[in-house]
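Colleague: Predicted model, plus sequence, below.
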Amino acid sequence: MRKAYLLFINILFVFTTYGQLKTKEFTHDDTLRGSITPERSWWDLKYYELRVKVNPPEKYISGSTSVYYQVLKPYQTIQIDLQPPLAIDKVTQDGKELSFKKDGKNAYMIALKKKQEKGKRESIVVYYSGNPIVAKRPPWDGGVQWVKDSQGNDYVATSCQGLGASAWWPCKDHMYDECDSMLISITVPENLKDVSNGRLRQVISNSDGTKTFNWFVSNPINNYGINMNVGNYEHFGDTYEGEKGKLTLDYYVLPENIAKAKEQFKQVPMMLKAFEYWFGPYPFYEDGYKLVEVPYLGMEHQSSVTYGNKYKNGYLGRDLSGTGWGMKWDFIIVHESGHEWFANNITYKDIADMWIHESFTNYSENLFTEYYYGKEAGAAYVIGCRKNILNKAPIIGTYNVNSGGSGDMYYKGGNMLHTMRQIVDDDARWRQVLRGLNKTFYHQTVVSKQIEDYVSEKSGKNFSKVFDQYLRDIRIPELEYKIENGKLVYRWSNCIEGFNMPVKVAINQDKTNFIYPTTQWQTLKQEGVTEIKLDENFYVTIKKAE
Ligand SMILES: [Zn+2]
C-alpha cells in the first residue's frame, strides 16, 4: 500500500517518523513484535489453518488457528501473538491443554509439555475470541473495518500492514517466517460472502444461519497479505493467457458497481501484460488473481488485491505526478497489483526494509506508463513524483522493533531505481535484473542487502554507495562544477563519503554523455566548454561553484 496521499505523508512524518527519530524510545513490546525472539527462532512455520466466525452486529469474532511447524532446535516455549482486545482462550497440543503466560501487551508464551525434538513436525491449536481492534483509518491505521453498504448489508474488511496480523488472529507475527500454504475458513451470516486469499474450495451452509467459506492458499504468504472481506459480493471472472499459461481472474464487487467494474477492470490484463514483461510471470498462478472491492482505498493482499479507488483513474481521481500520465490508469489496480511481485513474491523480513516493497512498486507505475505510453511518458511520471519527496528522514527504518522508515520509500525510492537504470544504460540488461530478482528471490523473505548486492552484481555496476546515499541518508547529491579556461571541473558534494555515481550531462547543448564524478575535484579533458546541463533522469541537483 502507498502510505498515503501527500497530506497524510506530512502528518505521518511530523507525528511519527520525525518524532521517532528525535524522541521515540522503543519498548519491550516493540522488541517482542519486531525481533526473532528465542521463542520464535526454534521453529519453522509450515502451515496454518485459520478458522474465524464473524459476527457483524456485535463486531465480534471467534475462532482458532492451527499452527503446524517443524522443530529446528529443541525448545519448550512457543511465542504466539494476539493483540487486545482479542484474547487467547485456550491452547492445545495433541488434544492436551497447555498453560501460557503473557509477555507485554501482545505476546503469549506457551509452555509445551511434549518434548520438542529436532526435525519433528508438530502443531498447536490456539483458540481465541473478542472484539478486534477497529480500523481507524484503514489501511494505514488498520484492524477490522465494520461498515454497511448502500443497501444496509454488513460490509467487513481487514487490513493490517505494520500493525500486524495478530490484530485479528493469533499467529507468528513476524515477517521473516511465512507458512508454505494456508487454509482460511471464514464463517459469516448466510446472506453474505467471504472473499479471502487463494482459491475457494468449499462453501458450507450451516444449520445456524451461517455459511462457511473455505479458501486455500497454495503458496507461501506473509502475515499482512492475509485478509478476509465480508460483504454482499457479486462475482464475475475472466482468464488471462500469461507467461506461465492460463491465469484465472476473479472479481468480487458490490452489485451496484458491476457495470463500472466490468469497464474499469479491463486494466487488469493490461497490468499483467506490462508487469510480466518487466518482472516475469505473475508469482501466484496456482492461487489465481483476484480484485476485491472494499470500503477502504486498497491493499496488496496476496492473490486477492483489495480495491477501493471508486472506479476512477489516478489516485482517487488525482494524478500524483502532476504530469497527466497518472490519470491514464487506475492507481490502485496498478500499484497494489505491482506488489504481487515486490511485497508478496519478494517480501521484507523486517519492515525497516519496506523500500523493497514500496520503491519497486512506485517504480512499477513508471514502467507501466512506459509500457503503454512510451519511455518519455514513464520518465516524466517518475520525475513528476519528485515533488512529493521530503528528504527529512532516511528510507530505511530501525531494525528489530517493527519500525518502518520514511514515506520517501515511495517516490524517492522509485527515483533511485530510475536513476540506476540510467547508469546501467542498457534496458535489456536492466529488465533482466528486475526479472532476475523475482526469479532468484521467488517466494522468499529477504533483507535489503540481498537485493542491493543482487542489483549491483547483475547490472555490472557497483551501486553500494548509491544505495547507501539514497536509502540511508537524507541528502541529495549535488553535482558541483566550475568552468575554468574552457574546461569543466566537477565533483559530488552534499553526499556520503566516497560517493561515486556516474551522471549524464550535456555539454554546450550537445547530446548527453557520462561523466564520472567522485567527491574529489576532477577536470574533463574536453576543451571549449561554455555550459553544461544535467540529464534530469538522474535524481541529483546541480550547482555552479563560486
Ligand atoms: Zn504500496
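Modeller: Yep, that arrived. These numbers were taken from a predicted model, which means no experiment stands behind them.

Colleague: what residues are up against Ile356?
Modeller: Applying CB atoms under 8 Å, 6 or more residues apart in numbering to Ile356 gives the contacts Phe342, Ala343, Ile346, Thr347, Tyr348, Val446, Ser448, Ile451. For glycine as for every other residue, the C-beta is placed from the backbone atoms N, C-alpha and C.

Colleague: Which two of the residues you listed have the greatest separation?
Modeller: Farthest-apart pair in these is Ala343 and Ser448; separation 14.2 Å (CB to CB).

Colleague: Between the two, tell me which one has more neighbours.
Modeller: Neighbours per residue (other CB atoms under 10 Å) separate Ala343 from Ser448, with Ala343 holding more: 25 against 21.

Colleague: so what's the backbone phi/psi at the more buried one?
Modeller: The phi/psi pair for Ala343 (degrees, to the nearest 10) reads phi 150, psi -50.

Colleague: Nearest residue to it in space, please, no chain neighbours.
Modeller: In this structure, Ala343 finds its nearest non-sequential neighbour in His357, 3.9 Å apart by CB to CB, 6 or more residues apart in numbering.

Colleague: Assess the claim that that neighbour and His339 are in contact.
Modeller: Yes. Using CB atoms under 8 Å, His357 is in contact with His339, at 6.2 Å.

Colleague: Touching both of these two, which residues are there?
Modeller: With CB under 8 Å, 6+ apart as the test, His357 and His339 both reach Glu300.

Colleague: list the buried ones in the helix or strand containing the residue nearest to Ala343?
Modeller: Assigned by DSSP states H and E, His357 belongs to helix 355-373. Residues 355-371 are the ones in helix 355-373 that count as buried (16 or more other CB atoms under 10 Å).

Colleague: average pLDDT for it?
Modeller: Per-region confidence: helix 355-373 scores 98 on mean pLDDT.

Colleague: What score does the residue of the stretch 401-546 of the chain at minimum distance from the ion have for pLDDT?
Modeller: The ion sits closest to Tyr410 of the stretch 401-546 of the chain, with a gap of 7.2 Å, by CB to the ion. As predicted, Tyr410 sits at a pLDDT of 98.

Colleague: Could you do Arg2 as well?
Modeller: Looking at Arg2, its pLDDT reads 48.

Colleague: do Gly142 as well
Modeller: What the model reports as pLDDT for Gly142 is 97.

Colleague: gap between it and Lys118?
Modeller: Separation of Gly142 from Lys118 (CB to CB, to the nearest Å): 37 Å.

Colleague: Tell me which of these two has more neighbours.
Modeller: Gly142 (27 against 11).

Colleague: didn't the more buried one look like it was pressed against Ala157?
Modeller: No. Using CB under 8 Å, Gly142 is not in contact with Ala157, being 9.5 Å away.

Colleague: The residue of the stretch 401-546 of the chain closest to the ion contacts Asn388, correct?
Modeller: Yes. Applying CB under 8 Å, one finds Tyr410 in contact with Asn388, separated by 7.4 Å.

Colleague: Settle it for me: which of these two has more neighbours?
Modeller: Higher neighbour count among Tyr410 and Asn388: Tyr410, with 28 against 18, using other CB under 10 Å.

Colleague: For the more buried one, which non-adjacent residue is closest in space?
Modeller: Tyr410 sits nearest to Asn362 (CB to CB, 6+ apart), 4.5 Å away.

Colleague: can you pull the contacts of that neighbour?
Modeller: Arg2, His335, Val382, Cys385, Met409, Tyr410, Tyr411, Gly413, Gly414.

Colleague: would you list these in CSV and tack on distance to Leu200 and secondary structure?
Modeller: Shown next, in CSV, are the contacts of Asn362 (distance: CB to CB, whole Å; DSSP: H, G, I helix; E, B strand; the rest coil):
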residue, distance to Leu200, secondary structure
Arg2, 29, coil
His335, 26, helix
Val382, 38, helix
Cys385, 37, helix
Met409, 34, helix
Tyr410, 33, coil
Tyr411, 37, helix
Gly413, 35, helix
Gly414, 35, helix
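
Colleague: Could you single out the nearest of the residues you listed to Ile507?
Modeller: Distance to Ile507, by CB to CB, is smallest for Val382 among the contacts of Asn362, at 25.0 Å.

Colleague: how close does that closest one sit to Val489?
Modeller: Val382 sits 30 Å away from Val489, going by CB to CB.

Colleague: ok, the two, which is more surrounded?
Modeller: Neighbours were counted for Val382 and for Val489 using other CB under 10 Å; Val382 has more, 27 against 16.

Colleague: how many neighbours does the closest residue to Asp287 other than its chain neighbours have?
Modeller: Spatial nearest neighbour of Asp287, excluding adjacent residues (CB to CB, 6+ apart): Ser303 at 4.0 Å. Around Ser303 there are 26 other residues, counting by other CB under 10 Å.

Colleague: wouldn't Ser303 be in contact with Leu291 here?
Modeller: No. Under the criterion of CB under 8 Å, Ser303 makes no contact with Leu291, lying 10.4 Å away.

Colleague: quick one, helices of the stretch 351-500 of the chain?
Modeller: Here the stretch 351-500 of the chain has its helices, by DSSP state H, counting those that start in this stretch, at 355-373, 375-384, 411-424, 427-440, 448-459, 464-472.

Colleague: Which positions within the second one qualify as buried?
Modeller: Along helix 375-384, these residues count as buried under the neighbour rule (16+ other CB under 10 Å): Ala377, Gly378, Ala379, Ala380, Tyr381, Val382, Ile383, Gly384.

Colleague: Show me the shaky parts of the stretch 1-150 of the chain.
Modeller: Within the stretch 1-150 of the chain, the ranges that satisfy pLDDT under 70 run 1-23.

Colleague: That one: helices as residue ranges?
Modeller: All helices of the stretch 1-150 of the chain, identified by DSSP H, counting those that start in this stretch, fall at 6-12, 18-22, 28-34, 38-41.

Colleague: which one of the contacts of Asn362 sits closest to Pro394?
Modeller: Of all the contacts of Asn362, Pro394 sits closest to Met409, with 9.5 Å by CB to CB.

Colleague: correct me, but the closest one touches Met354?
Modeller: Yes. Counting by CB under 8 Å, Met354 is a contact partner of Met409 at 5.7 Å.

Colleague: and the nearest residue to Pro139 once chain neighbours are set aside, what does it touch?
Modeller: Of all residues not flanking Pro139 in the chain, Ser159 sits nearest, at 3.7 Å (CB to CB, 6+ apart). By CB under 8 Å, 6+ apart, Ser159 lies in contact with Met1, Ala135, Pro138, Pro139, Gly142, Gly143, Gln145, Asn227, Tyr296, Met299, Thr306.

Colleague: Just give me the closest of those residues to Leu320.
Modeller: For these, the nearest to Leu320 is Met1 (13.8 Å; CB to CB).

Colleague: The stretch 301-450 of the chain against the ion: which residues are in contact?
Modeller: Listed as neighbours of the ion in the stretch 301-450 of the chain under the rule CB under 5 Å from the ion: Glu358, Thr361.
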